[in-house]
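[1] Following is a predicted model, sequence given first.
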Amino acid sequence: MVIKAMNSAGAGTGDLVSITLKSGTVVQSAAIFYLIPLAGLIFGAAVGSTSNLGLALSETAAGILFSFAGLALGFVITAIITKWLAAKQAFTPVITHVIKSGFRPPDSLIAIDPVCKMAVDPQEAPASFVYQDKTYYFCHPACKASFQREPGKYL
């Protein structure tokens, strides 16, 4: 798995590392991504159904229209907060220590899915396919099906 992390442990390329997230990061990010748009939706519904703005809409239609507007506003606010937090690196994982330097699994344990470029263990790959006398391993049968349709596209 490849993720972007702050390298406070001085890890090098190929090192097997341990990473951590700040306490409460998962809860905070879930709140931002789910609760802000939900609050916008509810606020929009309340404003639309209770305010008489002189629109030629029924109370229900105004509630629905303002609900979508509130939801859209919630997504915009979420995007702004996310960019601000990304700039602060508030949700960026931190490499806490190096478990093993220069770690590299033996080549026999690694195959790269030619469609999605994901590393796959040949012993546990859910799908494989022989093409031009070479066996290709896939992370999912859908990747295999894509490869079978257009192998030249992925090689």
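    Right, received. Where do you want to start? The structure displayed is predicted, hence computed values, not measured ones.

[2] pretty sure I95 belongs to a strand, no?
    Yes - with DSSP: H, G, I helix; E, B strand; the rest coil as the criterion, I95 is assigned to a strand.

[3] May I have the beta-bridge partners of it?
    Each beta-bridge partner of I95 is listed here, defined by DSSP bridges: N7, I19.

[4] isn't it right next to I3, touching?
    No - the pair I95 and I3 does not pass the contact test of Cβ atoms under 8 Å, sitting 10.0 Å apart. C-beta here means a position set from N, CA and C on the backbone, and glycine is covered the same way.

[5] Compare these two (neighbour count), which wins?
    I95 (17 against 7; other Cβ atoms under 10 Å).

[6] and the gap between that one and Q89?
    Distance of I95 to Q89, given as Cβ to Cβ, to the nearest Å: 13 Å.

[7] and if you look at A11?
    Here the distance between A11 and Q89 works out to 17 Å (Cβ to Cβ).

[8] give me the element the residue of the chain positioned farthest from its centre is part of.
    For the chain, the largest distance from the centre (Cα atoms, centre = their mean) belongs to G54, which lies 42.8 Å off. G54 is located outside every helix and strand, with elements delineated by DSSP states H and E.

[9] my guess is V120 meets P114, correct?
    No - using Cβ under 8 Å, V120 makes no contact with P114, being 10.1 Å away.

[10] Now do the shared contacts for these two.
    With contacts taken as Cβ atoms under 8 Å, 6 or more residues apart in numbering, V120 and P114 have F138 as neighbours in common.

[11] quick revisit: got any residues that touch both of I95 and I3?
    I19.

[12] since we're on A145, how many residues are nearby?
    What A145 shows, counting by other Cβ under 10 Å, is a neighbour count of 13.

[13] ditto for A5
    Under the neighbour criterion other Cβ under 10 Å, A5 is assigned a count of 18.

[14] domain assignment for this structure?
    The chain resolves into domains spanning 6-100, 107-154 when parsed by automatic domain parsing.
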